[in-house]
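> here's a sequence, model it:
(2 chains)
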Amino acid sequence: DGGITQSPKYLFRKEGQNVTLSCEQNLNHDAMYWYRQDPGQGLRLIYYSQIVNDFQKGDIAEGYSVSREKKESFPLTVTSAQKNPTAFYLCASSIAQGKGAFFGQGTRLTVV
Amino acid sequence: QQQVKQSPQSLIVQKGGISIINCAYENTAFDYFPWYQQFPGKGPALLIAIRPDVSEKKEGRFTISFNKSAKQFSLHIMDSQPGDSATYFCAASAADKLIFGTGTRLQVFP
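The predicted structure is shown next:
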């Protein structure tokens, strides 16, 4: 089955620790995205990548980092510099930048 | 100019009724307007999308109406069903980003 896989579904971390969220796609899509969703709010863009070894900051990139070493993978690291990391994180991919993005099932990160 | 404004924030509709969600944008460079449906704890799913050269697109009970001059677009859900209860997001894209509205929580009561 083609799709986007995010893991884990739930993640708990202590404050001050870095944590990496996994996102893998087998849709052969060039573009990949990370969004953050807070309760009752829309999706805010963290980072996006249009091609391997290249990525751009979104609207709320501070405290996050990404890499795009393979077309299929776009992991997100939530660093200790992110002041309010508890949120629902969504990864998406699209065949062309900005078009028809398909989402994974999300990772709910809780920092205690 | 990158914002997409969505209304209402929440919507309650009786089964069989019509649900209407509206979005407005400013950036005339936007060239693709999708709608997403999200159930609690799940990722958004692409529902229907439209390009600005078309004024209306219909897929089953879901219709997008697009008004290019007013820079507005809307989602109409005909014969709304309890299973349609979800959060709906409009979005707009240009070149490299997909910008989302703030979402509408739809509740359909039997």
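
> so B:C23 makes contact with B:Q6?
Yes. In terms of Cβ atoms under 8 Å, B:C23 counts as a neighbour of B:Q6; the distance is 4.9 Å. To be clear about C-beta, it is placed using only N, CA and C from the backbone, and glycine gets the same treatment.

> what do those two both touch?
B:90, B:101 (Cβ atoms under 8 Å, 6 or more residues apart in numbering or on different chains).

> and the pLDDT for the nearest residue to B:K71 once chain neighbours are set aside?
With sequence-adjacent residues excluded and distances taken as Cβ to Cβ, 6 or more residues apart in numbering or on different chains, B:K71 is closest to B:Y25, at 5.3 Å. B:Y25 carries a pLDDT score of 96 in this model.

> B:Y25 touches B:Q3, doesn't it?
Yes. With contact defined as Cβ under 8 Å, B:Y25 counts as touching B:Q3 (7.3 Å).

> compare these two (neighbour count), which wins?
Higher neighbour count among B:Y25 and B:Q3: B:Y25, with 23 against 14, using other Cβ atoms under 10 Å in any protein chain shown.

> run through the residues that contact the more buried one.
B:3-5, B:71-73, B:92.

> show me the shaky parts of chain B.
Along chain B, the parts satisfying pLDDT under 70 run over B:1-2.

> for the most centrally placed residue in chain A, give the beta-bridge partners.
The C-alpha lying nearest the average C-alpha coordinate of chain A belongs to A:W34 (Cα atoms, centre = their mean; 3.1 Å). Assessed by DSSP bridges, A:W34 has beta-bridge partners A:Y47, A:C91.

> thought it was touching A:V78?
No. At 10.1 Å, A:W34 does not count as touching A:V78 under the criterion of Cβ under 8 Å.

> what segments of chain B are strands?
B:4-7, B:10-14, B:19-25, B:33-38, B:45-50, B:56-59, B:62-67, B:72-77, B:86-94, B:97-100, B:104-109 (DSSP state E).

> okay if I get those strands as CSV plus distance to A:L43?
Formatted as CSV, the strands of chain B follow (distance: least, Cβ to Cβ, whole Å):
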stretch, distance to A:L43
strand B:4-7, 11
strand B:10-14, 17
strand B:19-25, 14
strand B:33-38, 9
strand B:45-50, 13
strand B:56-59, 22
strand B:62-67, 19
strand B:72-77, 17
strand B:86-94, 7
strand B:97-100, 4
strand B:104-109, 13
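
> out of these, the one nearest A:K57 is which?
Checking the strands of chain B against A:K57 by Cβ to Cβ gives strand B:97-100 as the closest, at 10.9 Å.

> now do the closest one: everything it contacts.
Here strand B:97-100 makes contact (Cβ under 8 Å, 6+ apart) with A:33, A:35, A:42-45, A:48, A:58, A:92, A:94, A:97-99, A:101, B:2-4, B:30, B:34, B:36, B:89-93.

> how many neighbours does residue 41 have?
I'll assume chain A. Neighbour count of A:Q41, defined by other Cβ under 10 Å: 13.

> that's the wrong chain, I wanted chain B
The tally of other residues near B:G41 (other Cβ under 10 Å) stands at 10.
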